[in-house]
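Prediction below, plus the sequence it came from.
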Amino acid sequence: MKKKVVLLIIIGLFLTGCSNEYNLSIEGDNINEEIVSTIPNSDIHVQTEEEIAAGIESDDQITPFINNDQYPFINNTKDKYIKNVSKDGNNTIVKLKYQYTLDNFKKSRVYNECFEKSQILREDGYIRLSFVGEFNCLYGDNLNINIKTDREVVNDTADDVDNNVYQWNINESNQNKVNIQMILKDDITTSNSGDSLTLFFIIILIIFIIIDVYIIFKKKVEE
């Protein structure tokens, strides 16, 4: 139970009224993590004056999650999530962000405490991501996990794919048999850089054509 309480405070996946998203963006050799929790204000405990006067401590876990620093690594209070708390109507939205390297992500709380089996394997020109088995961080009706990458995806088990965003939904019916797997080519997709390079050569070609036309025109004028 203690482990689950710690995860609840750090990750913010709690209560049936909350909406939660877990977003990973794999860019080059970095993994950008974003945790988004939308918490109904009605779920946030507000201490009464009587409780404050009596020195009664609430066992509410949401308020510390909203107000206190949160940490992406186990046994490490030096590195902190970049945290943003905002209001949207009757909800409080908490966003936590952190950037890892591929290797550092293996030391994260999510990697080590949320999934029964986690693996990031880099070999033979591929990166293999595997998060399977029981999921220990479902503190709501469901959790959406979105993984975006600039690498070519060779294989995946996503529930849905929207452009280059691979999506999974975890809920009470499947939290004991989570199957999040992806195989990526271990080289950066170069479509954007290729387009830029092509555009550069086109511009250079146009400049040379303009120069040639100018030289020909000038010679005719001089004749």
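Arrived safely, thanks for sending.

Do I have it right that residue 136 meets residue 117?
No: between residue 136 and residue 117 there is no contact under Cβ atoms under 8 Å: 11.6 Å. Glycine gets a C-beta too; all of them are placed from N, C-alpha and C.

Provide the secondary structure category for residue 112.
Per DSSP: H, G, I helix; E, B strand; the rest coil, the local secondary structure of residue 112 is helix.

burial measure for the nearest residue to it once chain neighbours are set aside, as a count.
Nearest residue to residue 112, sequence neighbours excluded (Cβ to Cβ, 6 or more residues apart in numbering): residue 74, at 6.1 Å. The number of residues packed near residue 74 is 13, by other Cβ atoms under 10 Å.

can you list the domain ranges for this protein.
2-189, 190-223 (automatic domain parsing).

would CSV of those with mean pLDDT be doable?
Supplementary listing: the domains of the chain in CSV, determined by pLDDT from 0 to 100:
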stretch, mean pLDDT
domain 2-189, 86
domain 190-223, 66
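
show me the residues around the spatially closest residue to residue 90 that is not a sequence neighbour that make contact.
Spatially, and ignoring its direct neighbours in sequence, residue 90 is nearest to residue 41 (5.3 Å; Cβ to Cβ, 6+ apart). Applying Cβ atoms under 8 Å, 6 or more residues apart in numbering, we find residue 41 in contact with 90, 91, 92.
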